[in-house]
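Undergrad: the following block contains a protein sequence and its predicted model.
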Amino acid sequence: MAKKLIPTFILVILISLSFTVKANAFTDVNKSDWFYDDIMKLEEKGIINGFLDHSFKPRSKVTYEQFIKMVIVTLKIKVEKNNNYWSLPYIEKAKQLKFINFPIKNYKTPITRGDMSLILSNILEHIKEKVTIEYNNLYDLPGYTNEKYIQSILKLYNAGIITGFPDNTFRCDDFMTRAHACAVLNRLATPNNRQKPVISSYNHVSACPFYIKDNKNYYEIVNNFEVNLNYDISKIIEMLAGEDGYLVIEYKKLPSFNMILIKYFQNKNFSNNDMYSMFTLYLYDGETNYPEVELGYNSMFAELQLKSLIKQYYSNTLGTSHIDTFYEYKLRGLLCLIFGEKKGKDLGNYIINNYLKDSSDDVELREKDGIKTIFFTTGKGTIGNYTFSKLE
């Protein structure tokens, strides 16, 4: 009797030990980490493995070829062996199935979150999973994110495969980490693990609440407005307007130049006083005849006034240095639509990093990419003024 019990007892111990080792397979992955379950589930399925030092390196970047192999293995798609290079059969299979239908210069470089969204969106098409786009709570999509990615990102977001970062951004240009790759692939393969959004409707943009002053001259001025910038007023209105904000747009025809003012308010109740605009953009299509010619004011084509991007501005908490992420990305999106994606993001970073400075008398100059930017502060309630002139 005793002889029969001892082997069983030893077997139970061995099973317990095996689970303990499995649960702590990686020295740098803890049960308290948000990605713990995702990594462990993929490791159990043999989709991923760690390094020789028993680490997983969850925050390290994933290359295109690594991610593509992970995708193919996750979907249990068979590939033919290729002795020339380990990733070739996976890349060829991904192209054959049209998971990859966009150019990739170097498969050995880190994959961006944007390109990840294109690949996974194509996979949803391949497996014929229908996704209805109803929700969007990602602040950095409209205007700021390249349009070629937006529908794919929204498809994954509404499917519950991606959730974005805690500040409600997606960060399309960031590189994928090993932890994030495990999270999206685990949700792709296991629908029960998906986190579907339950937030405000994406369709609110169609309401477009905004007010146009001087509507009579709308088409005349817009059609003749020339500042050598490639932007679309209607796209600006669509991006800024919605349940989350209110626009007042003024079109002024002046003797020597035309001017468009776009004022963004937190809501309609504050729009009766310009002092409460979150930011105001002035666009000029001719010489302004300002006296400070040496600083470039005479040739400036745009001016941006920032007043109240700080969270809870209307609750008398101007002392805080916290910037509300939602309004920050409204501003960033606006700059991308006006100056183009590359310059817009660069200027957005510069402004967000500088406009909280207390420099009422100082003037800061910045010259880059053919644009002269002048930063200064004027008047009570105005945090920062930025004027933009073209370099000679």
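TA: The structure has been received and is ready for your questions.
Undergrad: so where do the strands sit in this structure?
TA: Assigned strands in the chain, in chain order: 210-213, 246-253, 258-265, 277-284, 300-306, 364-368, 371-376, 384-390 (criterion: DSSP state E).
Undergrad: these: which one's closest to residue 62?
TA: strand 364-368 (31.8 Å; C-beta to C-beta). Every C-beta, even on glycine, is put in place using the N, C-alpha and C of the backbone.
Undergrad: so what secondary structure elements neighbour the closest one?
TA: Judged by 3 or more C-beta pairs under 8 Å, 6 or more residues apart in numbering; DSSP states H and E, strand 364-368 is in contact with helix 341-354, strand 371-376.
Undergrad: what angle separates that strand from helix 341-354?
TA: 160 degrees (axes from the mean of the first three to the mean of the last three C-alpha atoms, to 10 degrees).
Undergrad: now strand 364-368, how far from the chain's geometric center?
TA: 26 Å (C-alpha atoms, centre = their mean, to the nearest Å).
Undergrad: tell me, how many residues neighbour residue 182?
TA: 27 (other C-beta atoms under 10 Å).
Undergrad: do the one 5 residues further on as well
TA: A count of nearby residues for residue 187, using other C-beta under 10 Å, gives 21.
Undergrad: state the pLDDT value of it.
TA: According to the prediction, residue 187 has pLDDT 93.
Undergrad: I'd say it and residue 181 touch.
TA: No - at 11.2 Å, residue 187 and residue 181 do not qualify as touching, with contact defined as C-beta atoms under 8 Å.
Undergrad: low pLDDT regions in this structure?
TA: Filtered on pLDDT under 70, the chain yields the residue ranges 1-24, 198-230, 242-243, 291-292, 294-296, 308-323, 356-363, 378-383, 392.
Undergrad: helices of that one, start to end?
TA: 2-23, 36-44, 64-74, 88-96, 113-126, 147-159, 178-189, 218-223, 233-240, 325-339, 341-354 (DSSP state H).
Undergrad: nearest to residue 105, of those?
TA: Closest among those, using C-beta to C-beta: helix 64-74, at 9.3 Å.
Undergrad: ok, residue 300 to residue 282 distance?
TA: 9 Å (C-beta to C-beta, to the nearest Å).
Undergrad: repeat for residue 110
TA: Taken as C-beta to C-beta, the span from residue 110 to residue 282 is 40 Å.
Undergrad: quick one, which of the two is more surrounded?
TA: Set residue 110 next to residue 282 and count neighbours by other C-beta under 10 Å: residue 282 wins out with 21 against 17.
Undergrad: for the more buried one, give me its contacts.
TA: 259-261, 302-305 (C-beta atoms under 8 Å, 6 or more residues apart in numbering).
Undergrad: which residues does the closest residue to residue 365 other than its chain neighbours bridge with?
TA: Distance criterion C-beta to C-beta, 6 or more residues apart in numbering; nearest residue to residue 365, sequence neighbours excluded, is residue 374 at 5.9 Å. Residue 374 has these beta-bridge partners by DSSP bridges: residue 365, residue 387.
Undergrad: residue 374 and residue 384 touch, don't they?
TA: No - using C-beta under 8 Å, residue 374 is not in contact with residue 384; the gap is 10.7 Å.
Undergrad: how close does residue 141 sit to residue 111?
TA: In terms of C-beta to C-beta, residue 141 sits 19 Å off from residue 111.
Undergrad: the more surrounded of these two?
TA: Ranked by neighbour count (other C-beta under 10 Å), residue 141 and residue 111 place residue 141 first, with 24 against 21.
Undergrad: quick check on that one: phi, psi?
TA: phi -90, psi -60 (degrees, to the nearest 10).
Undergrad: one step back: pick the most deeply packed of the helices and strands packed on strand 364-368.
TA: With neighbours taken as mean count of other C-beta atoms under 10 Å, these reach their highest mean count in strand 371-376, at a mean of 19.
Undergrad: format the contacts of residue 282 as JSON lines; extra columns: distance to residue 164 and neighbour count.
TA: Listed next are the contacts of residue 282 as JSON lines, based on distance: C-beta to C-beta, whole Å; neighbours: other C-beta atoms under 10 Å:
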{"residue": "259", "distance to residue 164": "37", "neighbour count": "18"}
{"residue": "260", "distance to residue 164": "33", "neighbour count": "20"}
{"residue": "261", "distance to residue 164": "33", "neighbour count": "18"}
{"residue": "302", "distance to residue 164": "31", "neighbour count": "20"}
{"residue": "303", "distance to residue 164": "33", "neighbour count": "20"}
{"residue": "304", "distance to residue 164": "27", "neighbour count": "23"}
{"residue": "305", "distance to residue 164": "30", "neighbour count": "23"}
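Undergrad: alright, calling it a day.
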